[in-house]
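Build me a model from this:
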Amino acid sequence: MQKIAFLCGARHWEDTEVNLLNCAKAFSEKGYDVNIFCLQNTPLYKEATAGNLTVIPIKEHRKYFDLFAAQRLIFLLEKQQITHLFIFRSSDIGISAMVKSFLKRPVDITFFLSAESGFMKRFLMRHYHFRQLDHIICSLNVQKEEICTTINRNDLKIKVIPPMVPFEENQTVWKKTEARKVLNLPERKKIFGFIATEGNDKAQQFLFSALKQLNRPDLLICLLDKTDKQVCRKRVKTNSLDDKITVLSYRKEEDLFFHAIDVFISIPSNGAFEFKMLEAISFGKQVLTDDGAGNQEILDNGTFGFLYERRNEQSLAEKMVSSGCSELAQEVVKTFLKEHGTTTFLNQAEAFLSLKK
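Numbers count the residues shown, from 1 in each chain. Predicted coordinates:
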């Protein structure tokens, strides 16, 4: 019987960890025996435990040459009789490569490259580690090209599978006017949505700088604050943007937020894309993001939104004015959800990895 372990040695709770959890749930619901190896008391640990998944705590490991951590991981893999190890962060590749060298029995190691980009540094050990992987599943074609170009890896071991959208059937239907009324937002303004997290401080400041260049009372930013503290409200006040930004405290029902806005703004860092863009598209909302290669691919060169010049505040401000606010056509959204649906993702992954329950 095949058993899958999802490995995560990070304390973050970012798109990568959320994607890992969604994938673990999807494989578990399809009948696979799933374990999650992660650090204790992290958001991933708590969310996975709350979701009734089997969670096994591990200790932190260094990115490279952590022999003791590798020995502990080997013990867990042998004890749990794991046949497939799934990793989602490039920082977990080093220990996985060491494990591959010392295991007494074969374990298939797959790297799911979700939102990361620009990670293929010219570092000899990184190339060696990537060659130890059995399979690599990329979210985008540009990611596959980056890997193939850098390490000259066999194409047959790398596959592009569109990132999974696990919420296609979990949306409450709200009309825009109703959602805005519940959130106390103006009905007649063009509203851009932005989600503030503890990890996107620079993105927030970039957005604030772009807003200062605009004198358009008809535009409004609806900022969903997912930080633990009221930091965003203080930043908005410090930048004298109270009339241009409405801050909402985070609530579990994000569907209200997405139904209320016209366009979702994504300001990615380090060339990575945000999974929230996919969620916005699933709600029929257009996305405004930078013109990085990955974003161009996701937005299908304008089908799902608008692109501004990367790191150019003026370009973002100009696009906020010129971008339309009409919702995506239902047929376009249906096609998108079908291509990014849980069923499609699992079927492709199972076939590529030759998985059997």
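
In contact with residue 102, which residues?
If you count contacts by Cβ atoms under 8 Å, 6 or more residues apart in numbering, residue 102 has them with 70-71, 74. C-beta coordinates here come from the backbone N, C-alpha and C atoms, glycine included.

Can you say which of those are buried?
Buried members of the contacts of residue 102, scored by 16 or more other Cβ atoms under 10 Å, are 70, 74.

Look at the residue of the chain most remote from its centre and give its secondary structure.
Relative to the centre of the chain, the most outlying C-alpha is that of residue 104, 34.2 Å out, by Cα atoms, centre = their mean. Under DSSP: H, G, I helix; E, B strand; the rest coil, residue 104 falls in the coil class.

Identify the residues contacting residue 311.
Residue 311 sits in contact with 206, 290, where contact means Cβ under 8 Å, 6+ apart.

and it, what helix or strand is that in?
Secondary-structure assignment from DSSP states H and E places residue 311 in no helical or strand segment.

Quick one: neighbours of the nearest residue to residue 297 once chain neighbours are set aside, just the number.
Of all residues not flanking residue 297 in the chain, residue 140 sits nearest, at 5.1 Å (Cβ to Cβ, 6 or more residues apart in numbering). By other Cβ atoms under 10 Å, the residues close to residue 140 number 22.

model confidence over stretch 45-64, on average?
The average pLDDT within stretch 45-64 is 93.

thinking again about what came up before, skipping adjacent residues, who's closest to the residue farthest from the centre of the chain in space?
For residue 104, the spatially nearest residue (Cβ to Cβ, 6+ apart) is residue 78, at 7.2 Å.

just for the stretch 201-350 of the chain, where's the confidence low?
Where the stretch 201-350 of the chain drops to pLDDT under 70, the residues are 228-229, 252, 270-272.

can you map out the helices along it?
Remark: helices assigned in the stretch 201-350 of the chain by DSSP state H, counting those that start in this stretch are 201-211, 231-238, 254-260, 275-282, 293-298, 313-322, 330-340, 342-353.

Pick the most buried one from the ones you listed.
Sort those by mean neighbour count, taking mean count of other Cβ atoms under 10 Å, and helix 275-282 sits at the top with a mean of 23.

Using CSV, list the CA coordinates for that helix.
What follows is helix 275-282, C-alpha atoms only, in CSV (Å, rounded to 0.1, in the frame of the first residue of the first chain):
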residue,chain,number,x,y,z
PHE,A,275,-2.5,32.0,-4.8
LYS,A,276,-5.1,34.6,-3.8
MET,A,277,-5.1,35.7,-7.4
LEU,A,278,-6.6,32.3,-8.3
GLU,A,279,-9.2,32.7,-5.6
ALA,A,280,-10.1,36.1,-6.9
ILE,A,281,-10.5,34.8,-10.5
SER,A,282,-12.7,32.0,-9.1
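
Give me the contacts around that helix.
Taking Cβ under 8 Å, 6+ apart as the rule, helix 275-282 contacts 15, 18-19, 114-115, 163, 165, 167-168, 171, 193, 195, 254, 258, 264, 266, 286-287, 289, 295, 298-299, 304-305, 328, 333, 336-337, 340.

which residue sits closest to residue 162, ignoring its sequence neighbours?
That would be residue 340: by Cβ to Cβ, 6+ apart, it lies 5.0 Å from residue 162.

ok, now which ones touch the one you found?
162-165, 168, 278, 282.

go on, residue 182?
174, 256, 260.

For residue 25, see how far away the last one is.
Same thing as residue 260. 27 Å (Cβ to Cβ, to the nearest Å).

got it, and residue 50?
According to Cβ to Cβ, residue 50 stands 11 Å off from residue 25.

Of the two, which one has the most company?
Neighbour count, other Cβ under 10 Å: between residue 50 and residue 25, residue 25 has more, with 18 against 9.

is it true that the more buried one touches residue 166?
Yes: contact criterion Cβ atoms under 8 Å: residue 25 and residue 166 qualify, at 7.3 Å.

Dig out what residue 159 forms beta bridges with.
residue 137 (DSSP bridges).

and it, how many neighbours?
Residue 159 has 17 nearby residues by other Cβ under 10 Å.

these two touch, right, it and residue 348?
Yes: contact criterion Cβ under 8 Å: residue 159 and residue 348 qualify, at 7.4 Å.

Tell me who's in contact with residue 298.
Residue 298 sits next to 140, 273, 277-278, 287, 304 when contact means Cβ under 8 Å, 6+ apart.

so how far is residue 319 from residue 192?
Relative to residue 319, and taking Cβ to Cβ, residue 192 is found at 10 Å.

got any residues that touch both of these two?
residue 288.

Turn the contacts of residue 102 into TSV, columns for secondary structure and pLDDT.
Converted to TSV, the contacts of residue 102 look like this (DSSP: H, G, I helix; E, B strand; the rest coil; pLDDT from 0 to 100):
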residue	secondary structure	pLDDT
70	helix	92
71	helix	93
74	helix	95
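
would CSV of the contacts of residue 102 with distance to residue 216 be doable?
Listed next are those as CSV, based on distance: Cβ to Cβ, whole Å:
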residue, distance to residue 216
70, 56
71, 60
74, 59
